[in-house]
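Chemist: I'd like to go over a predicted model; first the sequence, then the structure.
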Amino acid sequence: MTQPAEVLPFRTPLTAAGGGVTCSHGFSDPADKTADAQGTVTAEFAVALPAVLALLAMLLAGAAAGMTQLRIEEGARAGARALARGDDPADVERSVRALAGGSATASITADGGWFSITVTDRVPGPLGASIPWTLTASASTRSEIAGTGAAGTGAAGSGPSVSGGVR
């Protein structure tokens with residue numbers, strides 16, 4: 001038959017001079033721990049908040065850069081199509097600005113029967129102004145006007161080609 005385990009006598013905690021309970025290691029616990037815990041949470045929140053706000057600002061700046069890139073690529077495609085049809089370069093620049101935004105700039109080059117347009121713009125917003133992000137998009141196409149030597153050949157890949165990137 002097994003003997004029951006010996007029951008240790010209950011010890012009452014020692015009371016410190018300040019009214020707190022003295023632990024077995026000799027240090028006294030504060031009487032109200034919730035006040036200290038609330039102060040700790042506030043301090044941790046104050047440390048973490050700037051990091052969260054910086055992350056949010058970077059995400060918003062990245063989204064603004066992505067939207068700007070899409071706009072200038074669409075402007076470059078539309079400008080290349082207009083140049084292929086034989087539109088006036090001033091009209092082409094107006095249509096590019098209408099699609100890509102008022103701050104976008106377009107440069108047009110012609111080489112034989114090929115036209116190329118490059119659209120550049122900066123990222124909008126407070127972070128876009130502080131970080132020098134210049135976005136570019138370019139498109140090239142053959143002229144569709146008779147007499148340029150490029151129209152009517154029926155070659156594959158004669159449509160506009162678009163590329164873009166960040167500088």
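Modeler: Done, it's in. Residues are numbered from 1 along each chain as shown.

Chemist: low-confidence ranges in the protein?
Modeler: Across the chain, residues meeting the criterion (pLDDT under 70) sit at 1-38, 146-167.

Chemist: mind checking the longest helix of this protein?
Modeler: When the chain is parsed with DSSP state H, its longest helix is helix 33-85.

Chemist: What residues of the very next helix or strand once past that helix count as buried?
Modeler: Per DSSP states H and E, the first helix or strand lying C-terminal to helix 33-85 is helix 89-100. Within helix 89-100, the residues scored as buried using 16 or more other C-beta atoms under 10 Å are 92, 93, 95, 96, 97, 99, 100. Every C-beta, even on glycine, is put in place using the N, C-alpha and C of the backbone.

Chemist: Need these in TSV (columns: distance to residue 133).
Modeler: Shown next, in TSV, are the buried residues of helix 89-100 (distance: C-beta to C-beta, whole Å):
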residue	distance to residue 133
92	25
93	22
95	24
96	19
97	19
99	20
100	15
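
Chemist: closest to residue 49 among those?
Modeler: Relative to residue 49, the closest of the buried residues of helix 89-100 is residue 100; by C-beta to C-beta it sits at 36.4 Å.

Chemist: Return the distance of the closest one relative to residue 132.
Modeler: 19 Å (C-beta to C-beta, to the nearest Å).

Chemist: can you check residue 51 too?
Modeler: Relative to residue 132, and taking C-beta to C-beta, residue 51 is found at 24 Å.

Chemist: same thing with residue 109?
Modeler: Residue 109 sits 25 Å away from residue 132, going by C-beta to C-beta.

Chemist: do the same with residue 75
Modeler: Distance from residue 75 to residue 132, counting by C-beta to C-beta: 21 Å.

Chemist: who's more crowded, those two?
Modeler: In this view residue 75 and residue 132 are compared by other C-beta atoms under 10 Å, and residue 75 has more residues nearby, 26 against 9.

Chemist: close enough to count as contact, that one and residue 94?
Modeler: No: at 10.8 Å, residue 75 does not count as touching residue 94 under the criterion of C-beta atoms under 8 Å.

Chemist: Quick one: list the elements packing against the longest helix of the chain.
Modeler: Contact analysis of helix 33-85 by 3 or more C-beta pairs under 8 Å, 6 or more residues apart in numbering; DSSP states H and E lists helix 89-100, strand 105-111, strand 114-122, helix 126-130, strand 134-142, strand 161-166 as its packing neighbours.

Chemist: Which one, of these, ends up nearest to residue 44?
Modeler: That would be helix 126-130 among these, by C-beta to C-beta, at 26.2 Å.

Chemist: and the gap between residue 57 and residue 121?
Modeler: Residue 57 is 20 Å from residue 121, where distance means C-beta to C-beta.
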